[in-house]
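>>> coords please:
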Amino acid sequence: MKRIKFLFAWYDLWVGLFWDSKKRKLYVFPLPMLGVVIDCVQYYAIQSRHNGDIGVCVAPEGERCLREDPGCVLRPISKREFDDFA
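I've put the predicted structure just below:
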């Protein structure tokens, strides 16, 4: 799920695009100090076949979780659900 947020940053005097690979966010500044942040993080609930929801994670850590425990299933959730669980 992608989230879009408008941004006014008085200290950013550049025009262009910036991809933050660690946070998985795209910063778009069409005008100096005025920009848009696109959050490309996918949030997942980790479900056990026996106990229901047992945790939350973000991609790509979710794929590693599935390899470690084949009894788990990932269910995409919203950022709000992720924050409520954590």
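>>> Ala45 and Val73 touch, don't they?
No - applying CB atoms under 8 Å as the test, Ala45 and Val73 come out as separate, 9.0 Å apart. The way it works is simple: take the backbone N, C-alpha and C, and place the C-beta from them, glycine included.
>>> Domain boundaries for the protein, per the record?
By the assignment in automatic domain parsing, the chain contains the domains 3-39, 43-85.
>>> Now do stretch 9-17, average pLDDT.
Stretch 9-17 carries an average pLDDT of 92.
>>> the more surrounded of Ala45 and Val73?
Ala45 (19 against 13; other CB atoms under 10 Å).
>>> From Cys57, how far off is that one?
8 Å (CB to CB, to the nearest Å).
>>> between these two, what contacts are shared?
Leu74 (CB atoms under 8 Å, 6 or more residues apart in numbering).
>>> so who does the spatially most central residue of the chain touch?
Residue closest to the mean C-alpha point of the chain, counted by CA atoms, centre = their mean, is Val41 at 2.0 Å. By CB under 8 Å, 6+ apart, Val41 lies in contact with 23-25, 58-59, 79.
>>> out of those residues, which are buried?
Burial by neighbour count, judged by 16 or more other CB atoms under 10 Å, picks out Lys25 from those.
>>> Quick one: low-confidence residue ranges for the chain.
1-2, 49-53, 59-70, 86 (pLDDT under 70).
>>> Do you have the helices of it handy? List them.
61-68, 79-85 (DSSP state H).
>>> just the strands in this structure please.
With DSSP state E as the criterion, the chain has strands at 3-8, 16-20, 25-31, 34-39, 43-48, 52-58, 72-77.
>>> okay if I get those strands as a markdown table plus distance to Phe85?
Shown next, in a markdown table, are these (distance: least, CB to CB, whole Å):
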| stretch | distance to Phe85 |
| --- | --- |
| strand 3-8 | 17 |
| strand 16-20 | 24 |
| strand 25-31 | 21 |
| strand 34-39 | 18 |
| strand 43-48 | 7 |
| strand 52-58 | 5 |
| strand 72-77 | 8 |
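>>> okay, those strands, which one's buried deepest?
Among these, strand 43-48 has the highest mean neighbour count (mean count of other CB atoms under 10 Å), at a mean of 18.
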